[in-house]
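1. This is the structure alone, sequence omitted:
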């Protein structure tokens, strides 16, 4: 009797898990597209009537959105496992089936740092004419500048330790260090909110998304140590028979 063949989505998912380098290269190319598009528009003079504002605002927005994307990887992975279990799919019922999503955190996080650094560079060169003394004054007098700079500084050690060698060197301390992404995201959102005009919806949307992701993270941390946690990330209802232990 012939074995059932995998569907095309299943074959793609298996290939993604088996070719992590290819996945990261594709992700890196996609993450570079916004910068390439912005550079092309600048070269062609298509940034509108206020090009300096576009050059300043867009990298900052991209950085915040990429930070939210980094935080969404864990909850998304858990949700996909639970969905696969409910649909009784042949593939995707284990967290390891979605390891390629975890590998995307590195290029996404590095891109978030790059766009935040670009945001600061444009601000220092175009808004302040390269006057670093003026930048220090803004850090002292303007809360949105202080919040943005604090967020960027928290991202620096994360970017510097985004290598396999750093993971091996820091061992269990690596995960603790990379929890700095949470305060960095909160500070980036604070920077965005303080800069936004009253009545603008975008800060509220970003705030709701970040709050939801933080709640998901807290839930994951609680259930990770739950004695009844199953492979799909769910907790079964209590019954007379305890769940079988995984081998």
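-> Ah, there it is. Everything quoted here is computed from the prediction, not taken from an experiment.
2. Please count neighbours and contacts with C-alpha atoms only from this point.
-> Fine.
3. And residue 77, how far from residue 147?
-> 30 Å (Cα to Cα, to the nearest Å).
4. Ignore what I typed, I meant residue 107.
-> According to Cα to Cα, residue 107 and residue 147 sit 24 Å apart.
5. Can you report phi and psi for residue 198?
-> Dihedral pair for residue 198: phi -60, psi 140, per degrees, to the nearest 10.
6. Where is the longest helix in the chain?
-> Taking DSSP state H as the criterion, the chain has its longest helix at helix 51-86.
7. chain center to that helix, what's the gap?
-> The chain centroid and the centroid of helix 51-86 are separated by 5 Å under Cα atoms, centre = their mean, to the nearest Å.
8. now swap in stretch 213-222 and tell me
-> With Cα atoms, centre = their mean as the basis, stretch 213-222 stands 15 Å off its chain's centre.
9. Would you mark the buried spots in it?
-> By neighbour count on 16 or more other Cα atoms under 10 Å, the buried set for stretch 213-222 is 213, 214, 216, 217, 220.
10. what's the distance between the most centrally placed residue in the chain and residue 42?
-> Nearest residue to the geometric centre of the chain (Cα atoms, centre = their mean): residue 70, 1.4 Å. Separation of residue 70 from residue 42 (Cα to Cα) stands at 28 Å.
11. rewinding a little: could you say what helices and strands the longest helix of the chain packs with?
-> Applying 3 or more Cα pairs under 8 Å, 6 or more residues apart in numbering; DSSP states H and E, one finds that helix 51-86 contacts helix 20-43, helix 99-103, helix 105-122, helix 181-195, helix 202-224.
12. Perfect, I'm done here.
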